[in-house]
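A.B. asks: below are the sequence and a predicted model for it; my questions follow.
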Amino acid sequence: MSQEPLAHRPDKPALLVGVLLLAVAAVVGHDASTQTITSNYGLGPTAMPYVVCAGLVVLGLAHLFVAFREGLPKPEGADRSALLWIAAGLVGLIASIGLGGGFVLATTLIFACTARGFGRRAFVVDAIIGFVLGLIIFVVFAKVLTLILPAGPLEQLFL
Amino acid sequence: MDTLLALLKGFTVAAEPSKLLFCLVGVFLGTAVGVLPGIGPALTVALLLPVTFKLDPAGSLIMFAGIYYGGMYGGSTTAILLNAPGESASLATALEGSKMAKAGRGGPALATSAIGSFVAGLIATIGLAFLAPWLVEVAVKFGPWDYFALMIVAFVTVSATFGDSPLRGLTSLFLGITLGLIGIDKLTGQARLTFGVPELLNGVEVTTLAVGLFAVGEAFYVASKRFREPEEIIPIKGSLWMSKEDWKRSWAPWLRGTAFGFPIGALPAGGAEVPTFLSYSTEKKLCKYPEEFGKGAIEGVAGPEAANNASAAGTLVPLLTLGLPTSATAAIMLAGFQQYGLNPGPLLFAEKPDLVWGLIASLFIANVMLVILNLPLIGLWVKLLAVPQPWLYAGILVFATMGTLAVNGSPVELAMLFAFGYLGYLMRRYDYPVAPMVVGLILGPMAEQQLRRALQISLGDPMILLENPISATLLGIAFIALVAPFVMQGLNKFKASED
């Protein structure tokens, strides 16, 4: 019967999702409660956040409930180093754009790191491919579409 | 008669040489990107949206139509040759299609899917052309309360009814609606959930969310389990062409698939999964050779493919006439419209008839181009499938970030892309559907606006939603659709414990 799964320990991912949903609900509710502009008639800007907040609370509680029943689907194991490589590529990309390194350097990083994450062992070759790809895209965007992607020192040479 | 005249005028817009070229480029790019494994039409459209930035609205929308149909076609090629459906709508195609390809009948499988898509697209686009003006007339009479109720129906059906788990679907939807709250409230100017970050004042871009969830999330997901699923392209052997027997066995499934796909797509019910699987099981029952199902029956490719394409055209009905997106792809297309300050709906038909009818006409043209282009070019598409996986996903991420940078080149936007990507990975890992989140992001603020307008008119009385027959009926439907899966689940459990 349905009581039987209770003997198991609660499903951790479902518990975590439930708690996170409640946390998001708290943030949304808090943000709405600190808003200053109100509407004179009809609904103000706080009504919808409170509705969403209530919905998130219900969903969060439902997840906590599910955690003690069947839980979430059990995923297969994941290759962590692959995930880390791609994440590193994305961080490198953001840093390159944020610090003024430009689009081509960003593309080089994301291309080489992603390929590495997918199991390639030729980092330098991939970096060159990414560099050329980024340069082509930058020039095409600048000349054909008249859209300037973030430019660093290198890109200035082509403008 | 009016419809025919309007459509004829649309053709004069769409048949200008420059527009034909846009359409051709759209079809080509859409197919090329859609063919890549793991990329469905929704992502194809999201990735290619920035390319259309600098074009004029008419040209860009026409290119869009081509990209949309091209992406659909490319997706089925991948489903057949790689057994890797890019989205749930081509799952049914992959079932029989990949079996046919393994049995050396990949050519006829691709042909029946291409011609079936053409037939279905043609019929469904005619349906769209004739249904749209009629629906526009109905929609003109809609009050904000009716729109609000309609959006609630879309919310429920997109997230709750058709997924594996209504709980996970609704969670995805609510996260999308939460993201939709971010930014300045349009009616009062109140900043919500911006935490003092100026980049958040304009809200979350639909394309950033879609590209993050679909492209970056998919890259994370595939990389995380890359040692488990070596993918193999099944080479095409023998003739590309369908035999007489193939034609005889295909035409009826095409028509039946269209009959399933178009109405279900046109309802604000979202998703092409239902019609494709309905078509698959119907063909299985009606087929004269049921023993071939599971081994590569051509009916099992012809029917679902037609249903898939017909429902894609069907989703354009609520999108164009009501401004209501009922699938992830439609949500991104709506974002494309909004990028030009165009709001699909009855007003657009009245104000910019050339544009709307030009778009509908170019759907016909895109359809014809696809069937002419793709059969001869199939060799090229197969080569694209052979791009090594590391380069493929590295390239996808380059294009994904390029699109984001072209729209809004701030590190905050890129950080959001990264965060949405990781979220998309986790959602895939624990089997949360991602489409409801995209729909929630774009539809949430629209629903809020309609609700507030309705309550302003009624001076704050919420009963206005239940006093109007249309909105009351729609809310009733939404309620039933929300509760039904839970009741069914309960019944099933009850039955199971009885056994």
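C.D. replies: Sure thing, it's come through.
A.B. asks: and stretch B:461-469, how far from the chain's centre?
C.D. replies: 32 Å (C-alpha atoms, centre = their mean, to the nearest Å).
A.B. asks: residues contacting that stretch, please?
C.D. replies: B:143, B:145, B:146, B:148, B:149, B:454, B:455, B:457, B:458, B:471, B:472, B:475 (C-beta atoms under 8 Å, 6 or more residues apart in numbering or on different chains). For glycine as for every other residue, the C-beta is placed from the backbone atoms N, C-alpha and C.
A.B. asks: likewise stretch B:178-185?
C.D. replies: A:24, A:28, A:37, A:45, A:48-49, A:52, A:56, B:190-194, B:200-204, B:209, B:437, B:440-445, B:448.
A.B. asks: which members of those residues are classed as buried?
C.D. replies: Neighbour-count burial (16 or more other C-beta atoms under 10 Å in any protein chain shown) applied to the contacts of stretch B:178-185 gives A:24, A:28, A:45, A:48-49, A:52, A:56, B:190-194, B:200, B:203-204, B:209, B:437, B:440-445, B:448.
A.B. asks: quick one: which of those sit in helices?
C.D. replies: A:24, A:28, A:48-49, A:52, A:56, B:209, B:437, B:440-445, B:448 (DSSP state H).
A.B. asks: list the contacts for residue B:171?
C.D. replies: Residue B:171 is in contact with A:17, A:21, A:59, A:63, B:432, counting by C-beta under 8 Å, 6+ apart.
A.B. asks: just the C-alpha atoms of stretch B:272-283, please, in PDB.
C.D. replies: What follows is stretch B:272-283, C-alpha atoms only, in PDB (Å, rounded to 0.1, in the frame of the first residue of the first chain):
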ATOM      1  CA  ALA B 272       2.900  18.500 -30.600                       C
ATOM      2  CA  GLU B 273       3.500  15.300 -28.600                       C
ATOM      3  CA  VAL B 274      -0.200  14.500 -28.200                       C
ATOM      4  CA  PRO B 275      -1.100  14.600 -31.900                       C
ATOM      5  CA  THR B 276       2.100  12.800 -32.900                       C
ATOM      6  CA  PHE B 277       1.500   9.900 -30.500                       C
ATOM      7  CA  LEU B 278      -2.200   9.800 -31.300                       C
ATOM      8  CA  SER B 279      -1.300   9.500 -35.000                       C
ATOM      9  CA  TYR B 280       1.300   6.800 -34.200                       C
ATOM     10  CA  SER B 281      -1.100   4.600 -32.300                       C
ATOM     11  CA  THR B 282      -3.900   5.200 -34.900                       C
ATOM     12  CA  GLU B 283      -1.600   4.100 -37.700                       C
END
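A.B. asks: of the contacts of stretch B:461-469, which is the nearest to chain A?
C.D. replies: Distance to chain A, by C-beta to the nearest C-beta, is smallest for residue B:455 among the contacts of stretch B:461-469, at 4.5 Å.
A.B. asks: secondary structure element holding that closest one?
C.D. replies: Per DSSP states H and E: residue B:455 is located in helix B:435-457.
A.B. asks: following that helix, which helix or strand comes up?
C.D. replies: Once the chain leaves helix B:435-457, the next helix or strand it forms, by DSSP H and E, is helix B:464-467.
A.B. asks: just the buried positions in that following helix, please.
C.D. replies: With the criterion 16+ other C-beta under 10 Å, helix B:464-467 contains buried residues B:464, B:465.
A.B. asks: between the ones in helices among the buried ones among the contacts of stretch B:178-185, which is nearest residue B:24?
C.D. replies: residue B:442 (28.9 Å; C-beta to C-beta).
A.B. asks: work out the gap between the helix or strand of chain A with the lowest mean pLDDT and the centre of the chain.
C.D. replies: Within chain A, no helix or strand scores below helix A:153-156, which has a mean of 84 by mean pLDDT, DSSP states H and E. Distance of helix A:153-156 from its chain centroid, counting by C-alpha atoms, centre = their mean, is 29 Å.
A.B. asks: and of the contacts of residue B:171, the nearest to residue B:165?
C.D. replies: The closest of the contacts of residue B:171, once distances to residue B:165 are taken by C-beta to C-beta, is residue B:432, at 8.3 Å.
A.B. asks: could you find the closest non-adjacent residue to that closest one?
C.D. replies: Spatial nearest neighbour of residue B:432, chain neighbours left out: residue B:168 (4.5 Å); criterion: C-beta to C-beta, 6 or more residues apart in numbering or on different chains.
A.B. asks: what sits against that neighbour?
C.D. replies: A:72, B:430, B:431, B:432, B:433.
A.B. asks: OK, contacts around the last one?
C.D. replies: By that I understand residue B:433. By C-beta under 8 Å, 6+ apart, residue B:433 lies in contact with B:159, B:163, B:168, B:169, B:172, B:427.
A.B. asks: just send these back as TSV, with pLDDT and secondary structure too.
C.D. replies: What follows is the contacts of residue B:433, written out as TSV (pLDDT from 0 to 100; DSSP: H, G, I helix; E, B strand; the rest coil):
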residue	pLDDT	secondary structure
B:159	81	helix
B:163	61	coil
B:168	91	helix
B:169	90	helix
B:172	94	helix
B:427	93	helix
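A.B. asks: which two among those are spaced furthest apart?
C.D. replies: Of all pairs in these, the most separated under C-beta to C-beta is B:159 and B:427 at 12.8 Å.
A.B. asks: name the residues contacting each of the two.
C.D. replies: What both residue B:159 and residue B:427 touch, as defined by C-beta under 8 Å, 6+ apart, is the set B:172, B:433.
A.B. asks: more neighbours, these two?
C.D. replies: Set residue B:159 next to residue B:427 and count neighbours by other C-beta atoms under 10 Å in any protein chain shown: residue B:159 wins out with 27 against 21.
A.B. asks: you'd agree that one is up against residue B:172?
C.D. replies: Yes - between residue B:159 and residue B:172 there is a contact at 6.4 Å, judged by C-beta atoms under 8 Å.
A.B. asks: what is in contact with these two at once?
C.D. replies: Common neighbours of residue B:159 and residue B:172 (C-beta under 8 Å, 6+ apart) are B:433, B:436, B:440.
A.B. asks: now residue 92: closest residue in space that isn't a chain neighbour?
C.D. replies: No chain was given, so I picked chain A. Leaving aside its chain neighbours, residue A:92 sits nearest to residue A:109 (3.8 Å; criterion: C-beta to C-beta, 6+ apart).
A.B. asks: the intended chain is chain B.
C.D. replies: That would be residue B:304: by C-beta to C-beta, 6+ apart, it lies 3.7 Å from residue B:92.
A.B. asks: again, but for residue A:53
C.D. replies: Nearest residue to residue A:53, sequence neighbours excluded (C-beta to C-beta, 6+ apart): residue A:29, at 4.1 Å.
A.B. asks: just to revisit the earlier point, give me the element the residue nearest to residue B:92 is part of.
C.D. replies: helix B:299-322.
A.B. asks: residue A:88 touches residue A:113, doesn't it?
C.D. replies: Yes - counting by C-beta under 8 Å, residue A:88 touches residue A:113, with 5.3 Å between them.
A.B. asks: these two: who's more crowded?
C.D. replies: residue A:113 (26 against 16).
A.B. asks: against which helices or strands is the strand or helix carrying the more buried one packed?
C.D. replies: Using DSSP H and E, residue A:113 falls within helix A:103-117. Applying 3 or more C-beta pairs under 8 Å, 6 or more residues apart in numbering or on different chains; DSSP states H and E, we find helix A:103-117 packed against helix A:80-98, helix A:123-143, helix A:153-156, helix B:217-224, helix B:389-407.
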